[in-house]
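S.K.: this one's structure only:
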């Protein structure tokens, strides 16, 4: 081995020794820094808390949900009383299905009955109901029965049975019969006019479909057709009234001839029962032929082209009414049954709405208001309330809209970060 090679070998060993032996200061301070870093990470992991969450889809709406209105029976629409997105009040009539009664007349009758506060003999006897109301057969029957019971109580109270002669009553009956016959002849003539008006209306509809007639022409013919139809209904109502008057006078004749009558107490009870029955028939008519708003709100048509003359099937959804008061906002979550046991009332909920991107608008904070005890289709119903409204983490206040959708994170527990790390390690090793 040459001298130069020996020198390189020696120097290599020396270099290796230098490189392989770290400086003392590095050993001392490096260990200290590693210890400090470990302690800092440990304290950080202990102090920092990581939320344990259960996720679900949320639907936010008002505490009083929107109400859907459907047709109780199949038929043609007589009249739409509101426009789309109109503001309506509770119990307001929105739509009328075609029937033999006139909506305004039924409303008039109902208002008169509502004003009766006490069902005493004096009040019920003094109640004067219009005799020219256009009602359907069921309502007319209840209406005539009430007037009949009214007349019976008045006769009992005034002793009219004793004062009314049979001959006078019979003359009145003959006069009423003559009027009935005259009105029947008018009705028969009008029914012929109705057939002609109907044919003209159908012909005009066909022309309109072929674009040979205008919409105004169709409406003019329809108005004429409806006018004849209403005139016939008025005559039918008048005939019914006269027939009813004849029935009352016959009862009076029987009372005079018998010389005895039912007592006043019986007549009073029957009048009250008849009054309640008439009110019940009005409610039944309204249920069958009217769409009525169940709350104050905004009405939205399911079909924007809905209108008079349109046919609707039974239970067809026609309108929805959305509440005006949107202050009481709640969220509803259908949570999977698995893991739902961790959810408790009062827990914090973070909500991110689909229509308001999280990076721009932030999230809304709520709390669990209630939790269902019975699962439905494998889901537990959870109700979320928003004590601070829809104010987001960025300071913005979102405008409440019906049926807002989003993602909800229910914070079931605040775990320390180090505890979360060890739990995940144990879960992976086990």
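M.R.: Happy to help now that I have it. Quick caveat, the model's predicted, so the values are computed rather than measured.
S.K.: rest of the way, CA atoms for contacts and neighbours
M.R.: Fine.
S.K.: For the residue most central in space within the chain, give me its contacts.
M.R.: Centroid-nearest residue in the chain, with C-alpha atoms, centre = their mean: residue 67, separated by 1.1 Å. Contacts for residue 67 (C-alpha atoms under 8 Å, 6 or more residues apart in numbering) come out as 294, 320-322.
S.K.: Could you pick out the one among those residues with the lowest pLDDT?
M.R.: Within those, residue 322 has the lowest pLDDT, namely 85.
S.K.: Give me the neighbour count for the closest residue in space to that residue that isn't next to it in sequence.
M.R.: Nearest residue to residue 322, sequence neighbours excluded (C-alpha to C-alpha, 6 or more residues apart in numbering): residue 66, at 4.5 Å. Neighbours of residue 66 under the rule other C-alpha atoms under 10 Å: 20.
S.K.: Show the backbone phi and psi for residue 66.
M.R.: With angles defined as degrees, to the nearest 10, residue 66 sits at phi -60, psi 150.
S.K.: what does residue 343 give?
M.R.: Backbone torsions for residue 343, taken as degrees, to the nearest 10, come to phi -80, psi 130.
S.K.: ok, it - contacts?
M.R.: 371, 410, 412.
S.K.: what about it, distance to residue 244?
M.R.: As for residue 343, its distance to residue 244 is 68 Å (criterion: C-alpha to C-alpha, to the nearest Å).
S.K.: partner residues bridging the residue nearest to the centre of the chain?
M.R.: Beta bridges link residue 67 to residue 321, judged by DSSP bridges.
S.K.: per-residue confidence at it?
M.R.: On the pLDDT scale, residue 67 gets 88.
S.K.: Show me which residues of the helix or strand hosting residue 108 are buried.
M.R.: Using DSSP states H and E, residue 108 maps to helix 103-114. Of all the residues in helix 103-114, those buried under the rule 16 or more other C-alpha atoms under 10 Å are 103, 106, 109, 113.
S.K.: and that helix, average pLDDT?
M.R.: 93.
S.K.: who are the neighbours of the helix or strand following it, in terms of helices and strands?
M.R.: Using DSSP H and E, the helix or strand that follows helix 103-114 in sequence is helix 121-126. Judged by 3 or more C-alpha pairs under 8 Å, 6 or more residues apart in numbering; DSSP states H and E, the packing partners of helix 121-126 are helix 137-158, helix 264-289.
S.K.: I'd like to know which elements the first one is packed against.
M.R.: Going back to what we said before, that points to helix 137-158. Using 3+ C-alpha pairs under 8 Å, 6+ apart as the contact test, the elements touching helix 137-158 are helix 121-126, helix 215-258, helix 264-289.
S.K.: Same question for the longest one.
M.R.: Packing contacts for helix 264-289, counted by 3+ C-alpha pairs under 8 Å, 6+ apart, involve helix 103-114, helix 121-126, helix 137-158.
S.K.: Apply 6 Å and report the result again.
M.R.: helix 137-158 (3 or more C-alpha pairs under 6 Å, 6 or more residues apart in numbering; DSSP states H and E).
S.K.: hmm, back to that, dump the contacts of residue 343 to a markdown table, plus neighbour count.
M.R.: Formatted as a markdown table, the contacts of residue 343 follow (neighbours: other C-alpha atoms under 10 Å):
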| residue | neighbour count |
| --- | --- |
| 371 | 17 |
| 410 | 24 |
| 412 | 19 |
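S.K.: Just the ones of those residues in strands?
M.R.: Among the contacts of residue 343, DSSP state E puts 371, 410, 412 in strands.
S.K.: And these, which is closest to residue 277?
M.R.: residue 371 (43.9 Å; C-alpha to C-alpha).
S.K.: what about residue 145, distance to residue 242?
M.R.: 13 Å.
S.K.: Same check on residue 103?
M.R.: Residue 103 is 22 Å from residue 242, where distance means C-alpha to C-alpha.
S.K.: Residue 321 too?
M.R.: 43 Å.
S.K.: Looking at those two, which has the bigger crowd around it?
M.R.: Counting neighbours by other C-alpha under 10 Å for residue 321 and for residue 242 shows that residue 321 has the greater number, 26 against 20.
S.K.: Against residue 273, how distant is that one?
M.R.: As for residue 321, its distance to residue 273 is 35 Å (criterion: C-alpha to C-alpha).
S.K.: next one: residue 362
M.R.: 63 Å.
S.K.: More neighbours: which of these two?
M.R.: When residue 362 and residue 273 are compared for neighbours, residue 362 comes out ahead with 17 against 14, by other C-alpha under 10 Å.
S.K.: re earlier: which stretch in the helices and strands packed on helix 121-126 is the model least sure about?
M.R.: helix 137-158 - the lowest mean pLDDT of those, at a mean of 84.
S.K.: circling back: quick check: which of the helices and strands packed on helix 121-126 has the most neighbours on average?
M.R.: helix 137-158 (a mean of 20; mean count of other C-alpha atoms under 10 Å).
S.K.: can you list contacts of it?
M.R.: With contact meaning C-alpha atoms under 6 Å, 6 or more residues apart in numbering, helix 137-158 is reached by 125, 264, 267, 271, 274, 278.
S.K.: what residues are up against the fifth one?
M.R.: Taking C-alpha under 6 Å, 6+ apart as the contact definition, residue 274 lies against residue 146.
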